[in-house]
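Peer 1: A predicted structure for the sequence below; I have some questions about it.
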Amino acid sequence: MMQIDLSAPDFARAIPILQQLEQAGYEAYFVGGSVRDALLHLPIHDVDIATSAYPAEVKQVFARTVDTGIQHGTVMVLLHGTGYEVTTFRTESGYQDFRRPDHVTFVRDLAEDLKRRDFTVNALALRHDGTVVDLFAGLSDLAEHRLRAVGDPHARFHEDALRMMRAVRFESQLGFHIEAATTAAIADNAALLAKISVERVASEFNRLLLGHWRQQGLASLIDTGLAEFAPRLAGQASALQAFAALPATPFASLEIGWTLLSHFLQQAPGPLLKAWKQPNALIAATQHAVTLLAAMPQPSDWQLYEAGEAAVVTATAAQTYLQPDFDAASVQTRYAQLPIHAAADLAINGGTLIQAGVQPGPKLGQTLQRLTQAVVAGELPNTQAALLAASRADPC
Ligand SMILES: Nc1ccn([C@@H]2O[C@H](COP(=O)(O)OP(=O)(O)OP(=O)(O)O)[C@@H](O)[C@H]2O)c(=O)n1
Ligand SMILES: [Mg+2]
């Protein structure tokens, strides 16, 4: 049996939980993504623990627990200020909606729990002494960077269709490839993706966009037909192919990814990102960046001013994917050197103009806009005297 190093602080601090469960006569293991990531020498997060103890038994073993998901078998154990999810070994059945089981049954056998998991590399269990339980050749799949469904891939994707998106996300995130039978099952079941909530699909897609092997993840998304069942990607194979063929450099932000996707799909970011239920801040940021990207490679000073700093960073980065010799730094420097960057930087405002005798109303707004443009263009100095003089000379 293979041994792994448990000195990573996240594991080390949780080991007493495994030990206390064993001392009480139960089995307990680290399971899921933390085991996979530790074996890959990647940073680990959310340590999941699985145990043969039933929820009521877990609560008897530990002084401080919180019922976070007791009907699913999960009890949160509080230790040194951290909460650890401890979940009873379970089997699942039903899945009439392709999203979640109708019934979960608590079991005492680790094998029963591991065999309902999605991929072999996610079905490893790690004991407190560092031994790894590997019932489905997950270690050799891990070594070969292979994603393989546990058991029958069709069954796994029928249980939870989101797993198909997880596969392409892991591909992008880990640089693994999906083995043939698993790929074929995704292609056969791609339509089930439509059963999954947009938020869950989007969460996987965003992680795919940010992965270091994005090209591979996108290629599988297209080749398996999954993209046909994702919001606004149906019928867009050639635009997606072009997007997937962008230089492999990872996107430094979601904004860059969505800006380029919107560009290739020729879809306005508003409706595109709303269909994906993305947060309003990401939608607004992408809208500004897409507008500026359309003005690349030579945006005017005014276009840079209107875009604002965040969109300048995003759009210049996006342009380097479209035009490898693009000089992003010089456009960013031009932005930095603009005389003003926001209305608040202007030496006058509406109130100053009214005090100087300009009538309130739409004309006032137009005058302010013209003065702002003149300052941004370097045609007027940003001083109250110069701007007031110019407002008096303003023809309208
Ligand atoms: N649709 C899913 C989601 C999760 N799991 C199982 O539950 C574990 C934990 O799930 P989750 O935290 O969502 O994913 P991780 O694999 O841990 O990956 P990460 O946390 O890095 O996203 C997975 O490893 C897998 O064993 C599963 O079988 N099917
Ligand atoms: Mg996890």
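Peer 2: Yes, it's here. A quick note: this is a predicted structure, and the numbers were derived from the prediction, not measured. Ligands and ions are numbered 1, 2, ... in the order given.
Peer 1: could you count how many residues lie near the closest residue to ligand 1 within the chain?
Peer 2: Relative to ligand 1, the nearest point of the chain is residue 33 (2.2 Å; C-beta to the nearest ligand atom). (C-beta placed from N, C-alpha, C; glycine too.) By other C-beta atoms under 10 Å, 16 other residues sit near residue 33.
Peer 1: quick one: is the one helix or strand residue 168 maps to near ligand 1?
Peer 2: Using DSSP states H and E, residue 168 maps to helix 162-174. Yes. Using C-beta under 6 Å from any ligand atom, helix 162-174 reaches ligand 1 at 162, 163, 166.
Peer 1: once you drop chain neighbours, what's closest to the last one?
Peer 2: Beyond its immediate neighbours in the sequence, the residue positioned closest to residue 166 (C-beta to C-beta, 6 or more residues apart in numbering) is residue 204, lying 5.9 Å away.
Peer 1: in this protein, where is pLDDT below threshold?
Peer 2: Within the chain, the ranges that satisfy pLDDT under 70 run 1-3, 95, 394-396.
Peer 1: one more pass at 90, please.
Peer 2: Across the chain, the ranges flagged by pLDDT under 90 are 1-12, 44-46, 69-71, 80-81, 92-104, 356-363, 391-396.
Peer 1: domain assignment for it?
Peer 2: For the chain, the TED database gives the domain ranges 1-144, 150-244, 251-338, 350-393.
Peer 1: between the ones you listed, which gets nearest to ligand 2?
Peer 2: domain 1-144 (3.5 Å; C-beta to the ion).
Peer 1: distance between the closest one and the chain's centre?
Peer 2: Centre-to-centre, domain 1-144 and its host chain are 24 Å apart (C-alpha atoms, centre = their mean, to the nearest Å).
Peer 1: so it, near ligand 2 or not?
Peer 2: Yes. Judged by C-beta under 5 Å from the ion, domain 1-144 and ligand 2 are in contact via 33, 46.
Peer 1: where exactly do the strands run in the chain?
Peer 2: When assigned using DSSP state E, the strands of the chain occupy the ranges 28-31, 48-51, 65-69, 74-79, 82-88, 90-93, 103-106, 125-126, 132-133, 146-147, 177-178.
Peer 1: rebuild the ones you listed as CSV, extending it with mean neighbour count.
Peer 2: Formatted as CSV, these follow (neighbours: other C-beta atoms under 10 Å):
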stretch, mean neighbour count
strand 28-31, 26
strand 48-51, 23
strand 65-69, 14
strand 74-79, 19
strand 82-88, 20
strand 90-93, 15
strand 103-106, 15
strand 125-126, 26
strand 132-133, 19
strand 146-147, 21
strand 177-178, 21
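Peer 1: just put the ones you listed in TSV and tack on distance to ligand 1.
Peer 2: As requested, the strands of the chain are exported to TSV (distance: least, C-beta to the nearest ligand atom, whole Å):
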stretch	distance to ligand 1
strand 28-31	6
strand 48-51	6
strand 65-69	13
strand 74-79	11
strand 82-88	9
strand 90-93	9
strand 103-106	13
strand 125-126	10
strand 132-133	13
strand 146-147	11
strand 177-178	15
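Peer 1: this protein against ligand 1: which residues are in contact?
Peer 2: 32, 33, 46, 48, 117, 118, 122, 123, 160, 162, 163, 166.
Peer 1: filter those down to the buried ones.
Peer 2: Buried subset of the residues of the chain next to ligand 1 (neighbour count, 16 or more other C-beta atoms under 10 Å): 32, 33, 48, 117, 118, 122, 123, 160, 162, 163, 166.
Peer 1: can you tell me which of those lies nearest to residue 149?
Peer 2: Lowest distance from residue 149 to those (C-beta to C-beta) belongs to residue 118, with 6.7 Å.
Peer 1: show me what contacts the closest residue in space to that closest one that isn't next to it in sequence?
Peer 2: Spatial nearest neighbour of residue 118, chain neighbours left out: residue 163 (4.6 Å); criterion: C-beta to C-beta, 6+ apart. By C-beta atoms under 8 Å, 6 or more residues apart in numbering, the contact list for residue 163 reads 118, 119, 149, 156, 157.
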